[in-house]
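*Asks:* What follows is a predicted structure for the sequence shown.
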Amino acid sequence: MPELTYYVNGRLVPAGQAALPLNDLGIVRGYGVFDLLRTYGTTPFCLREHVRRLEYSAQQVGLALPWSTDELERIVLDTYAANAIPDAAIRIIVTGGPSENYMTPGNRPGLVVMVHPPSPRVQSQYTQGVKVVSTLVGRLFPTVKSLNYMGAIMAMQEASKTGAVEAIYLDEQDHVTEGTRTNLFVVRGRRLITPREGILKGITRQVVMEAAATEFEVVEAPIHYRDLAHMGEAFLTSTTKEVLPVVQIDDLEIGEGHPGPVTLRVMALFSETVERMTRTTA
């Protein structure tokens, strides 16, 4: 594969030459935000929604963006056009920028756009389902897609030791909220339930909610950990995982231990929606 091209602070550069100042607050303090989208074929999926969420994240942490929504979209599209990769992942990163005292923002945020192939899909996870574990690791600003993923990394290190593919956060009231990189849905009868509070509002989550609402009741409500035993199905959603069936949470088997009919139908509805949306925007 030819070397990838990244956008870094106003320039398209070979990925191997991409660099930020070492006093950038994104490096020395983890101060910054990002968003991740993907393409289907060569069509970016929900680009505007992802850029708007990036802007919201930046606003929540007091990071002023000098670029308009249209300018950010154009930079993303130009960077993608410089890389001949179908079905790509596109990462947009805004950093706090260089700081003379390594603490105070200098009002010169950094902007990086990275295009790369997505992680290989493990097909057996979608046919057999996956295991996830719960975690009590705390988070700062759960509604913000922040560069600070220390807690998530720690949670995933523990999760991987048990064969789990994701860690689900528990809040102080023992409610399950979301995964380190995913949103959570549970199924009871023909009702889909997903938390509303204390989560990052996923773009894929929203698409799934709208698509599923054509055939199922979709409810945003708290999910207590003890209630998981009464749920017939569960699944995760994210940009890269799309709709991923969950068949085990900690030591609890969900449903009958394999992807259920509602989850399978939601997977199909999501695929149909993606096909329709990318066909009309191509």
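*Replies:* That came through, no problem. Numbers count the residues shown, from 1 in each chain.
*Asks:* Find the nearest non-adjacent residue to Glu197, please.
*Replies:* Pro222 (7.2 Å; C-beta to C-beta, 6 or more residues apart in numbering). Every residue, glycine included, has its C-beta placed from N, CA and C.
*Asks:* before we move on, what about Gly179?
*Replies:* Per C-beta to C-beta, 6+ apart, closest to Gly179 is Glu166, 4.4 Å.
*Asks:* mind listing the strands in the stretch 1-150 of the chain by residue range?
*Replies:* For the stretch 1-150 of the chain, applying DSSP state E, counting those that start in this stretch gives strands covering 5-8, 11-14, 32-40, 43-44, 89-95, 110-116, 130-135.
*Asks:* export the ones you listed to CSV and tack on mean neighbour count and distance to Ser160?
*Replies:* Formatted as CSV, the strands of the stretch 1-150 of the chain follow (neighbours: other C-beta atoms under 10 Å; distance: least, C-beta to C-beta, whole Å):
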stretch, mean neighbour count, distance to Ser160
strand 5-8, 22, 28
strand 11-14, 12, 32
strand 32-40, 22, 20
strand 43-44, 18, 30
strand 89-95, 22, 21
strand 110-116, 20, 22
strand 130-135, 22, 10
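*Asks:* May I see those organised as a markdown table, with distance to Arg181 added?
*Replies:* Below are those laid out as a markdown table (distance: least, C-beta to C-beta, whole Å):
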| stretch | distance to Arg181 |
| --- | --- |
| strand 5-8 | 21 |
| strand 11-14 | 27 |
| strand 32-40 | 9 |
| strand 43-44 | 19 |
| strand 89-95 | 12 |
| strand 110-116 | 16 |
| strand 130-135 | 11 |
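*Asks:* Minimum distance to Ala82: which of these has it?
*Replies:* With C-beta to C-beta, the closest approach to Ala82 among the strands of the stretch 1-150 of the chain belongs to strand 5-8: 4.2 Å.
*Asks:* That closest one packs against which elements?
*Replies:* Here strand 5-8 is seen to pack against strand 11-14, helix 69-81, strand 110-116 when contacts are counted using 3 or more C-beta pairs under 8 Å, 6 or more residues apart in numbering; DSSP states H and E.
*Asks:* Val176 is nearest to which of these?
*Replies:* When those are compared by C-beta to C-beta, strand 110-116 sits nearest Val176, at 30.8 Å.
*Asks:* could you redo the helices and strands packed on strand 5-8 as a markdown table and give each row mean pLDDT?
*Replies:* Shown next, in a markdown table, are the helices and strands packed on strand 5-8 (pLDDT from 0 to 100):
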| stretch | mean pLDDT |
| --- | --- |
| strand 11-14 | 98 |
| helix 69-81 | 98 |
| strand 110-116 | 98 |
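*Asks:* any chance of those in CSV, with distance to Met154 too?
*Replies:* What follows is the helices and strands packed on strand 5-8, written out as CSV (distance: least, C-beta to C-beta, whole Å):
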stretch, distance to Met154
strand 11-14, 32
helix 69-81, 31
strand 110-116, 24
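*Asks:* still on that earlier bit, is it true that the residue nearest to Gly179 touches Ser160?
*Replies:* No - look at Glu166 against Ser160 with C-beta atoms under 8 Å: they stay out of range, at 9.9 Å.
*Asks:* okay, those two: which has more neighbours?
*Replies:* Glu166 (25 against 13; other C-beta atoms under 10 Å).
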